[in-house]
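Undergrad: return a 3D structure for these sequence lines:
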Amino acid sequence: MKAKVDQIKCGTVGKCVQICPEVFRFQEGSKKAAVIMEKIPESLRGKCCEAARACPNEAIEIID
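TA: Numbering: from 1, shown residues only. Now for the predicted structure:
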């Protein structure tokens, strides 16, 4: 599983960073979210999907 953050849609709300900091971090300077793992382990699947659902701008795409 992979995740991707659409930098145009990201509104720097930070729900993803709060919910799943193991996968999402703020980019230095812009404060937009970024994915910090190339491949997300199965153990973080639930948290990652929850973070995507919580994004008010629907900026996170989950790729199986």
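Undergrad: tell me the secondary structure at Lys4.
TA: strand (DSSP: H, G, I helix; E, B strand; the rest coil).
Undergrad: skipping its backbone neighbours, what lies nearest it in space?
TA: Leaving aside its sequence neighbours, Lys4 sits nearest to Glu61 (Cβ to Cβ, 6 or more residues apart in numbering; 4.6 Å). Quick note: C-beta positions are derived from backbone N, CA and C, even for glycine.
Undergrad: confirm that the one you found sits in a strand.
TA: Yes: with three-state DSSP as the criterion, Glu61 is assigned to a strand.
Undergrad: per-residue pLDDT, it?
TA: Looking at Glu61, its pLDDT reads 97.
Undergrad: again with the one 3 residues further on
TA: Turning to Asp64, the model gives it a pLDDT of 89.
Undergrad: contacting residues for it?
TA: Met1 (Cβ atoms under 8 Å, 6 or more residues apart in numbering).
Undergrad: use 298 as the first number from now on
TA: Noted, 298 is the first residue going forward, which turns the last one into Asp361.
Undergrad: circling back to that earlier point, how many residues are close by the residue nearest to Lys301?
TA: Here the number of neighbours of Glu358 (other Cβ atoms under 10 Å) works out to 14.
Undergrad: can you tell me the SS state at Gly343?
TA: From three-state DSSP, the assignment for Gly343 is helix.
Undergrad: for Val314, see how far away it is.
TA: Taking Cβ to Cβ, to the nearest Å as the measure, Gly343 falls 16 Å from Val314.
Undergrad: mind checking which of these two has more residues around it?
TA: Neighbour count, other Cβ under 10 Å: between Gly343 and Val314, Val314 has more, with 17 against 10.
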